[in-house]
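Enquirer: structure, please.
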Amino acid sequence: MPRTGVAGDGGAVTLPTSPPVLTDGVVTLRAHTDADVPGLLEVYRDPGTQRWTSLGPDSGESEAREWVGLARRRWAVGRPHVWAVEAACGDHPRYAGSIDLRRDPVPSVGYLLAPWARGRGLASRALRLAADWGFDVAGFAALHWTCRAGHVASWRVAHACGFRFEGVRTRALPAGDDLVDAWTAVLLPGTPVADRPPATTWWPHPVLDGDGVRLRPPTEADLDRHTEACNDPVARWWSATLPVPYTDDDARRWLRDHTLERSLGSGVGWVIADPDDDRYLGTLSVFGTDRPYTPTGGEVGYRAHPDARGRGAVSAALRRVVRHAFTPVADGGMGRHRLQLGAAADNTASRRVAERAGFRLWGRPRADGVPRHGERDRRRRGLVRPAGHRPAPAARRNCRGCPVACPPCGSCGCPVAVPSGWGRTGRTAAAGSAAAEPSSTTRRCGTPTAPAGCA
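Expert: Sure, this is the predicted structure:
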């Protein structure tokens, strides 16, 4: 007979004592049966399942049969609501995994998918069906999702269903005899889950070749050289946020968090690699792409390994990433209209990298940077994509490799449009910005009328 439960607003709801069948025509949620035992064994023995869950290699047929019986009994008390996930495999339906909604200690969801069923969007379909039932029938006030930090596949399922990421909880989940960090997210009732878009943009991570460098996603093979780069005295001098010493654990967190940052729409990071042997030469990232006050903006940061300095690799990488960032999303880019970067005023190497990529000085905030040796002034530089402009390919760049327009830098010697009134005031404008509009006269870069402080 039906059982009475408690809705999220405190009201009573009537719940079934056996799993209702839910389907979207591709995935079906149903009760577990003894016929699911072989499929459960396949899940238990999968190395991926063992890595990210508490299921160990010793889980066998007796544990699988016990789970089937436990799932049936739990429906009778409503703690939790458990379904088998079924989908087509060839011409026949097959057990594809399990999903459950839990009320205690907080309303939450968990799911497992068989290896054969992964990569087909089946887990997202199952989650949408279960979440809609939980909100509309069972009266759940929220659904919380938690997994071991780094479990990208599980987060991709929750992200696709509109879960909002809430943060990283330090050493919050058991893993054998240890504790590990946890990723957490939440979904609230409202629009049907099937109609909800992801809460954030998940940036793609393309490999970018050209200009004598290769930019690619980081891998475990990069960890040793990344640790060396971050422990370098020069890197520590200019970067106050680097842990001292920078440990192997720090490097593993850096690798783990790359995908998370892309999934939250906050930025994309690349390894600058040697195009011949794929060796790590440094890192470059576009970040701050989720800032609501600059929805098409972004900021750039870069760092070189000590043995890669002086080769021009970072400058070439920055030019290549600028072109990618300014390319429309529909064409595979990031659709940015403005990029900026900041460096200590006396960080000559960083300044030169920025200038070679066409960045223009627009400000010098006082005591804005905090290197390890105390507060310092910073120089802020920007680069704007003019309306309708597509960055030129490498072979067609203007002088000094600028992908948009030559800056009035005093060293290139090319004719540029200098807005009248600049004189020696030190005012600068990013290429294509409103300050560089028509009330200008063409003068030779480096004359006394060029902006003061333009390096």
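Enquirer: so Ser108 sits against Leu143, correct?
Expert: Yes: in this structure Ser108 lies within contact range of Leu143 using Cβ atoms under 8 Å: 6.5 Å. Glycine gets a C-beta too; all of them are placed from N, C-alpha and C.
Enquirer: between the two, who's got more neighbours?
Expert: Neighbour count, other Cβ atoms under 10 Å: between Ser108 and Leu143, Leu143 has more, with 25 against 19.
Enquirer: that one contacts Val106, doesn't it?
Expert: No: between Leu143 and Val106 there is no contact under Cβ under 8 Å: 9.4 Å.
Enquirer: before we move on, the earlier item: find residues that contact each of Ser108 and Leu143.
Expert: Common contact partners of Ser108 and Leu143 (Cβ atoms under 8 Å, 6 or more residues apart in numbering): Leu101.
Enquirer: sketch out the low-pLDDT regions of the chain for me.
Expert: Flagging of the chain using pLDDT under 70 yields the residue ranges 1-13, 367-379, 385-455.
Enquirer: can we see that at 80?
Expert: 1-16, 56-59, 76-79, 240, 364-455 (pLDDT under 80).
Enquirer: grab the nearest non-local neighbour of the residue sitting nearest the centre point of it.
Expert: With distances taken as Cα atoms, centre = their mean, Arg262 lies nearest the centre of the chain, 1.5 Å away. Leaving out its chain neighbours, the residue that sits closest to Arg262 by Cβ to Cβ, 6 or more residues apart in numbering is Trp203, at 4.3 Å.
Enquirer: the one you found: how many residues sit nearby?
Expert: Trp203 has 21 neighbours, counted by other Cβ under 10 Å.
Enquirer: which residues are in contact with it?
Expert: Counting by Cβ under 8 Å, 6+ apart, Trp203 makes contact with 262-263, 265, 267-268, 289, 334.
Enquirer: and it, what helix or strand is that in?
Expert: Using DSSP states H and E, Trp203 falls within no helix or strand.
Enquirer: any idea how far Arg256 is from it?
Expert: Taking Cβ to Cβ, to the nearest Å as the measure, Trp203 falls 16 Å from Arg256.
Enquirer: what's the answer for Tyr280, then?
Expert: Tyr280 sits 17 Å away from Arg256, taking Cβ to Cβ as the criterion.
Enquirer: which one's more surrounded, those two?
Expert: Each of Tyr280 and Arg256 has its neighbours counted (other Cβ under 10 Å); Tyr280 has more, 22 against 16.
Enquirer: ok, what's across the strand from the more buried one?
Expert: Bridge pairing for Tyr280 (DSSP bridges) gives the partners Ala273.
Enquirer: just the helices in the stretch 151-300 of the chain please.
Expert: 152-160, 223-231, 233-238, 248-263 (DSSP state H, counting those that start in this stretch).
Enquirer: quick one: closest of those helices to Arg323.
Expert: helix 248-263 (19.0 Å; Cβ to Cβ).
Enquirer: helices and strands around the closest one, which ones?
Expert: helix 152-160, helix 223-231, strand 267-273 (3 or more Cβ pairs under 8 Å, 6 or more residues apart in numbering; DSSP states H and E).
Enquirer: ok, 10 Å please
Expert: helix 152-160, strand 164-175, strand 178-187, helix 223-231, strand 267-273, strand 280-287 (3 or more Cβ pairs under 10 Å, 6 or more residues apart in numbering; DSSP states H and E).
Enquirer: give the buried residues for that helix.
Expert: 250-251, 253-256, 258-263 (16 or more other Cβ atoms under 10 Å).
Enquirer: and what of stretch 322-331?
Expert: For stretch 322-331, the neighbour count (16+ other Cβ under 10 Å) marks 322-327 as buried.
Enquirer: and stretch 119-138, by the same measure?
Expert: 122-135, 137-138.
Enquirer: just to revisit the earlier point, which one, of the helices and strands packed on helix 248-263, ends up nearest to Pro243?
Expert: Comparing these by Cβ to Cβ, helix 223-231 comes nearest, at 8.0 Å.
Enquirer: residues in contact with Val21?
Expert: 28-31, 83, 86 (Cβ atoms under 10 Å, 6 or more residues apart in numbering).
Enquirer: again, but for Arg169
Expert: 146, 149, 180-184.
Enquirer: so which of those residues comes closest to Val314?
Expert: Ala149 (29.9 Å).
Enquirer: quick one, phi psi at that closest one?
Expert: phi -60, psi 130 (degrees, to the nearest 10).
Enquirer: that one touches Arg256, doesn't it?
Expert: Yes: between Ala149 and Arg256 there is a contact under Cβ atoms under 10 Å: 6.4 Å.
Enquirer: need the residues touching each of those two.
Expert: Contacts common to Ala149 and Arg256, judged by Cβ under 10 Å, 6+ apart, are 168, 181, 183.
Enquirer: report the buried members of those residues.
Expert: Buried residues within the shared contacts of Ala149 and Arg256, counting neighbours by 16+ other Cβ under 10 Å: 181, 183.
Enquirer: now the shared contacts of Ala149 and Arg256 as JSON lines including distance to Ile272?
Expert: JSON lines is the format used below for these (distance: Cβ to Cβ, whole Å):
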{"residue": "Val168", "distance to Ile272": "27"}
{"residue": "Asp181", "distance to Ile272": "28"}
{"residue": "Trp183", "distance to Ile272": "28"}
